[in-house]
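J.: could you work out the structure for the sequence below:
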Amino acid sequence: MWELMTGRRPFWDHDHDTDLIIKICDGFRPPIVTNAPEGYVELMQRCWHSDPNKRPTATELRKKIVIMKNNEPEYYCDGITKIVKSPDIGPVKSINPGAIYKSRSLSEMIKSAESTRSLESIDSEISNNKFEDNLTINDNDYLTKEIELDIDNDTSFGDSKDDDYVTEEINFDI
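T.: Next up, the predicted model:
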């Protein structure tokens, strides 16, 4: 639906790699063009729902589009196409070498994306545990206890000569 609305392939300006797969799984979508028929954008966004059971069926899509056509005849007047000038619509002038539009198996890329997400969640969990440990340690850092010491300054343990420090300069040749 997005490609029909804009005349562009989705994610034409992004490299088609595991990072893009992860972003899409996390909810990343192409930008919405504002000059679409009323209800079209909402219908398209429903098609993007992460839960396939909450996406509209093909029959429901057809019905909704027929209703839109009947409600906004200025967009669909007798086969005449109304051309809207917009920088967001139309063919792309530049080529992105990282965007791959050919049939290929995505199994390896999906496995790589899944392992990357798994590692990220493990790293996040470890970081959270470290943070919680640091909180505990930091709490302990601020615990103080006053200790009273009874120190005798009795000098009967030795002569005053022993209390003096002896210093001597030592020369090294390097």
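J.: lowest-pLDDT helix or strand in this protein?
T.: helix 160-163 (a mean of 54; mean pLDDT, DSSP states H and E).
J.: so for stretch 46-57, what gets flagged as buried?
T.: Residues of stretch 46-57 classed as buried by neighbour count (16 or more other Cβ atoms under 10 Å): none. No exception for glycine: its C-beta is placed from N, CA and C like everyone else's.
J.: list the buried residues of stretch 110-122.
T.: The neighbour-count check on stretch 110-122 (16+ other Cβ under 10 Å) flags S112, A113 as buried.
J.: restricting to C-alpha, output that stretch in PDB.
T.: Extracted C-alpha coordinates of stretch 110-122, given in PDB (Å, rounded to 0.1, in the frame of the first residue of the first chain):
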ATOM      1  CA  ILE A 110      16.600 -13.700   9.700                       C
ATOM      2  CA  LYS A 111      18.700 -16.100  11.800                       C
ATOM      3  CA  SER A 112      21.400 -13.500  12.100                       C
ATOM      4  CA  ALA A 113      18.900 -10.900  13.100                       C
ATOM      5  CA  GLU A 114      17.400 -13.300  15.700                       C
ATOM      6  CA  SER A 115      20.800 -14.100  17.200                       C
ATOM      7  CA  THR A 116      21.700 -10.400  17.300                       C
ATOM      8  CA  ARG A 117      18.400  -9.600  19.100                       C
ATOM      9  CA  SER A 118      19.100 -12.500  21.500                       C
ATOM     10  CA  LEU A 119      22.600 -11.200  22.200                       C
ATOM     11  CA  GLU A 120      21.300  -7.700  22.700                       C
ATOM     12  CA  SER A 121      18.700  -8.900  25.200                       C
ATOM     13  CA  ILE A 122      21.300 -10.900  27.100                       C
END
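J.: name the residues that touch it?
T.: T18, I21, I22, C25 (Cβ atoms under 8 Å, 6 or more residues apart in numbering).
J.: pLDDT of that stretch, averaged?
T.: Stretch 110-122 shows a mean pLDDT of 76.
J.: just the buried residues of the contacts of stretch 110-122.
T.: Among those, the ones that count as buried by 16+ other Cβ under 10 Å are T18, I21, I22.
J.: F28 is in contact with the second one, correct?
T.: No - the pair formed by I21 and F28 falls short of the contact definition of Cβ atoms under 8 Å, at 9.8 Å.
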